[in-house]
Every structure is written in structure tokens, then in C-alpha cells.
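1. model this:
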Amino acid sequence: MQELKDRIMAEGEVIGTHILKVDTFLNHQIDPAFILRMGKELAERFAGEGITRVLTVEASGIAVASAVALSLNVPVVFAKKKKASTQSAVYASQIYSFTRQETVTITVSKKFLPADDVVLIIDDFLAHGEALKGLVDIVDQSGARLAGAGIVIEKLFQQGGAALRAKGMRIETLAAIEQMEPGKIDFA
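-> The predicted structure is shown next:
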């Protein structure tokens with residue numbers, strides 16, 4: 001998506017060679033009109049798949065996932081990083097956050113992910129693929145069918161997407177980055 005690449009170049013900040021800060025429109029402050037355009041683009045890429053539910057993980061994926069779900073006219077569910085005391089029957093998976101340098105358990109209530117669903121996973125970033133692997137695990141536990149994943153920004157050099165694609169997973173990315181360093185971003 002050229003508009004996204006342009007925004008990344010104009011507003012993104014590369015920290016080191018692995019962190020891309022896009023908090024002006026995606027991860028802290030949100031540009032709602034832009035989020036809706038990205039959601040529509042991802043929804044169009046999965047049109048005809050019979051999606052019945054969108055799944056993401058809190059927190060930065062929620063805005064884009066909601067925009068995709070709005071375009072598809074289906075509900076969006078987000079995996080929580082801490083199990084609420086009111087949740088009893090849940091699907092759970094452990095993921096490692098490279099950003100936070102910690103392992104967390106993500107959970108989704110069983111009542112929000114029935115076995116007859118066709119699920120589309122949406123997330124803001126794909127790097128090592130830990131969050132995506134955890135969400136796939138939750139979909140597998142539920143017995144639902146996974147249609148694939150829609151990603152806003154993929155850092156190809158961190159290999160998470162390659163590993164999942166090698167297992168047959170369909171992943172659609174709006175902006176794929178081959179390499180980056182301060183002052184330079186190379187898109188695929």
C-alpha cells in the first residue's frame with residue numbers, strides 16, 4: 001500500500017536496525033481515516049474467504065482489526081494479555097514479546113471463538129512472528145478455520161513471516177520492509 005509506505009518514510013522513526021516507531025498514526029496516536037483505508041485494503045484481500053470473525057491481540061492491533069471487521073461486517077475479538085478475573089473458559093497461548101522482553105499469556109474467551117468460525121488474524125506488525133503464532137495456536141484450539149493473517153507492517157528480515165508461510169499460512173502485508181537503519185528503509 002503506497003500510502004502506508006509514504007507515511008512510514010515521512011513519519012516513521014527507525015531505532016537501531018530492528019525497531020520502527022510509527023506512533024504518529026498507528027501505535028500511540030491513531031489516524032482514524034487512514035486506519036479505515038488500511039482496514040478496507042486488508043478486507044478486500046480476503047474477500048470471498050467467508051470470514052466470520054477477526055482476531056487480534058491487544059493493544060495496537062485493535063484499531064486496524066476493527067477497521068477490517070467493519071469492512072467485512074463481522075465481529076472483532078482481541079486476545080487479552082492478562083486473564084480477567086471474570087473469564088473462566090478460555091483458550092490460552094504463551095508468546096514472547098521482543099519489544100517488552102517478556103513472556104505473556106494471551107487469552108480469548110471460548111464463547112467468542114466458536115469452532116464453526118472462519119477467522120482472519122490482523123496485527124499491526126509481524127517481526128519474529130510470536131504474537132501471530134500464539135493467535136494461530138488459539139484458533140487451532142478452538143477448532144475454527146484460519147483464513148490467514150493481514151499485517152500492516154512486516155519486517156521481512158526478522159523471518160517470522162517466512163517461517164509461517166513455509167507452514168502454508170496465507171499472510172497479506174500492506175508494507176514489507178527488507179531492511180532498515182536510521183535514515184533508511186528498504187521496502188520489498
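
2. Return the distance of stretch 2-17 from the chain's centre.
-> 18 Å (CA atoms, centre = their mean, to the nearest Å).

3. Just the mean pLDDT for that stretch, thanks.
-> Averaged across stretch 2-17, pLDDT comes to 95.

4. Just the element for Gly39, please.
-> Secondary structure from DSSP states H and E places Gly39 in helix 32-45.

5. helices or strands up against that helix?
-> helix 2-11, helix 62-72, strand 145-155, strand 171-181 (3 or more CB pairs under 8 Å, 6 or more residues apart in numbering; DSSP states H and E). Bear in mind the C-beta positions are built from the backbone N, C-alpha and C, glycine included.

6. So which residues make contact with the next helix or strand after it?
-> Later in the chain than helix 32-45, the nearest helix or strand by DSSP H and E is strand 53-57. For strand 53-57, the surrounding residues in contact (CB atoms under 8 Å, 6 or more residues apart in numbering) are 62, 64-66, 68-69, 72, 74-79, 81, 95, 106, 108, 112-113, 117-123, 131, 134-135, 138-139, 144.

7. Now list the buried members of those residues.
-> 62, 64-66, 68-69, 72, 74, 76-79, 81, 95, 106, 108, 112-113, 117-123, 131, 134-135, 138-139, 144 (16 or more other CB atoms under 10 Å).

8. The helix holding Gly39 to strand 171-181, inter-axis angle?
-> 130 degrees (axes from the mean of the first three to the mean of the last three CA atoms, to 10 degrees).

9. Could I get the contacting residues of Leu156?
-> Contacts of Leu156 by CB under 8 Å, 6+ apart are 162, 176-178, 188.

10. can we see that at 10 Å?
-> Residues in contact with Leu156 (CB atoms under 10 Å, 6 or more residues apart in numbering) are 126-127, 162, 173, 176-179, 186-188.

11. Now, of the residues you listed, which are buried?
-> 126-127, 173, 176-177.

12. what about stretch 33-51, average pLDDT?
-> The model assigns stretch 33-51 a mean pLDDT of 97.

13. For it, buried residues please.
-> Buried residues in stretch 33-51 (16+ other CB under 10 Å): 34-39, 41-43, 45-46, 51.

14. Just the closest of those to Met169, please.
-> Using CB to CB, Phe46 comes nearest to Met169 of the buried residues of stretch 33-51, at 13.0 Å.

15. name the element Leu135 belongs to?
-> With DSSP H and E as criterion, Leu135 is part of helix 130-142.

16. what distance separates stretch 26-38 from the centre of its chain?
-> 14 Å.

17. cool, and stretch 79-97?
-> Its chain's C-alpha centre and that of stretch 79-97 lie 17 Å apart, by CA atoms, centre = their mean.

18. same check, this time on stretch 69-86
-> On CA atoms, centre = their mean, the centre of stretch 69-86 falls 12 Å from that of its chain.

19. cool, stretch 33-45 as well?
-> Centroid separation for stretch 33-45 versus its chain: 13 Å, with CA atoms, centre = their mean.
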